[in-house]
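Asker: Sequence and computational prediction follow.
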Amino acid sequence: GSAVVSFGSRVIAVTDAARGRVWALSPSTVNGFDEENSEPVLAGAQGTVSAVGSDDRIYSADPGSGRVTVTAVDAEGRVADSQAETWEGLKGAGDLQLSVVGDRPVVLDAGAGTLFLPGGREVVLGDARDARLQQPGPGADAVAVATSKALVEVPLDGSAARTVTFGGQGVPAAPVQLGG
């Protein structure tokens with residue numbers, strides 16, 4: 001299928017972007033998961049993406065509504081708390097990638113070359129067509145984006161990015177930040 005799985009320490013998110021659905025599981029409920037009979041914690045538009053943060057909350061971005069939702073779940077995968085805000089620039093965005101830096105969501109629309117920082121602030125990235133957003137990780141002051149020609153570190157406050165270039169080009173992989 002088209003489902004993408006994201007792991008936290010106690011929470012597992014299963015996202016079907018084609019159907020715009022996100023389910024929450026725990027290690028004890030994963031074996032009984034059936035997407036047809038399990039209640040999703042979020043139902044959004046086609047293209048919805050999600051990731052589990054280091055705080056075990058599920059962060060989701062819906063390109064239809066522009067909503068970024070943070071969902072906390074209990075041990076059975078039921079919604080305990082959900083908070084959402086609308087990032088206007090996300091409305092109608094293309095193929096999204098979402099990551100979480102500590103407890104701050106970051107979204108990349110590589111096709112448009114737009115990085116959305118926490119709160120929806122937009123940063124334009126060059127050479128971003130095949131860019132890869134970093135994997136979810138611990139709190140840090142910046143988010144890493146790999147392009148075919150460079151590694152770009154974009155401060156979450158929107159200040160000037162730092163670029164590390166390398167000779168040549170290649171297919172980027174999702175960067176990982178450890179220890180902030």
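Answerer: Received the coordinates, thanks.
Asker: So which residues of the protein form helices?
Answerer: With helices called from DSSP state H, the chain shows none.
Asker: low pLDDT regions in it?
Answerer: 1, 180 (pLDDT under 70).
Asker: Around A131, how many other residues sit close by?
Answerer: 23 (other Cβ atoms under 10 Å). (Each C-beta comes from the backbone N, C-alpha and C, glycine too.)
Asker: cool, and V30?
Answerer: 12.
Asker: Over to the one 4 residues further on?
Answerer: Residues within reach of D34, counting by other Cβ under 10 Å, total 7.
Asker: Most remote residue from the middle of this structure, which is it?
Answerer: Largest separation from the mean C-alpha position in the chain: G167, at 29.0 Å (Cα atoms, centre = their mean).
Asker: Next one: that residue from V145, what distance?
Answerer: Separation of G167 from V145 (Cβ to Cβ, to the nearest Å): 19 Å.
Asker: Touching, G94 and P63? I think so.
Answerer: Yes: between G94 and P63 there is a contact under Cβ atoms under 8 Å: 7.3 Å.
Asker: Of these two, which one has the most company?
Answerer: Using other Cβ under 10 Å as the criterion, G94 and P63 rank with P63 on top: 23 against 11.
Asker: quick one on the thing from earlier: name the residues contacting each of G94 and P63.
Answerer: G47 (Cβ atoms under 8 Å, 6 or more residues apart in numbering).
Asker: before we move on, the earlier item: from A150, how far off is the residue farthest from the centre of the chain?
Answerer: Distance from G167 to A150, by Cβ to Cβ: 11 Å.
Asker: Can you mark which positions in stretch 62-82 are buried?
Answerer: Counting neighbours by 16 or more other Cβ atoms under 10 Å, one finds that the buried residues in stretch 62-82 are D62, P63, S65, G66, R67, V68, T69, V70, T71, A72, V73, G77.
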